[in-house]
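>>> kindly return the folded structure for what I paste below:
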Amino acid sequence: MEPNYTYREIAESWDLWKEAVDPGANMTEADFDDMSIEERVLHMVACFGAPEEAYVTNPWTKDEGLWEPTEPVTQDQLDAWAMLMDDNIRERLNEILPDGTTPTEYVRAWAAVVGEVEAGRVLIGS
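The predicted structure is shown next:
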């Protein structure tokens, strides 16, 4: 059984990237190194859509884990969180995510881009 990696884990590893994102070897390792982790994750979101899961770090306990909202994220919740999100990342996600993306899918994509600590700060800490 193959292990499941998060978008961020793949974006942090050239070897995982070659296997999961670029098996045709269209990108060089130098190209990979020239991109930020956030840019790599945005590339994955553009290619594959929002990830199925999001991971966060609780800002108080520092526990890491799967973000599992008890209800789907509402547009009002997303609008409130959006004020705490980096404008450039939000704008890029708005450009690459397809019409019809749900607020929950949007938040999962955003969390993948910003990483567990920032996602936890906004989703749990606000």
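>>> show me where this protein dips below the pLDDT cut-off.
Low-confidence segments of the chain (pLDDT under 70): 1-2.
>>> center of it, which residue is that?
In the chain, the centroid-proximal residue (CA atoms, centre = their mean) is Ala112; its distance is 1.5 Å.
>>> isn't that one right up against Leu42?
No. The pair Ala112 / Leu42 is not scored as a contact, 9.0 Å apart, by CB atoms under 8 Å. Backbone N, C-alpha and C define where each C-beta goes, glycine included.
>>> just checking, Val73 touches Val107?
Yes. Contact criterion CB under 8 Å: Val73 and Val107 qualify, at 5.3 Å.
>>> how close does the residue nearest to the centre of the chain sit to Val41?
In this view, Ala112 and Val41 are 5 Å apart by CB to CB, to the nearest Å.
>>> list residues touching both of these two?
7-8 (CB atoms under 8 Å, 6 or more residues apart in numbering).
>>> right, and Gly125 touches Pro59 too?
Yes. Contact between Gly125 and Pro59 holds when scored by CB under 8 Å: they sit 4.1 Å apart.
>>> now do the strands in the protein.
Ranges of strands in the chain, per DSSP state E, are 55-57, 64-66.
>>> which residues sit in contact with the closest residue to Ala119 other than its chain neighbours?
Spatially, and ignoring its direct neighbours in sequence, Ala119 is nearest to Ala111 (3.8 Å; CB to CB, 6 or more residues apart in numbering). Contacts for Ala111 (CB under 8 Å, 6+ apart) come out as 54-56, 67, 119, 123.
>>> of those residues - the most surrounded one?
Counting neighbours by other CB atoms under 10 Å, the top entry in the contacts of Ala111 is Ala119, with 25 neighbours.
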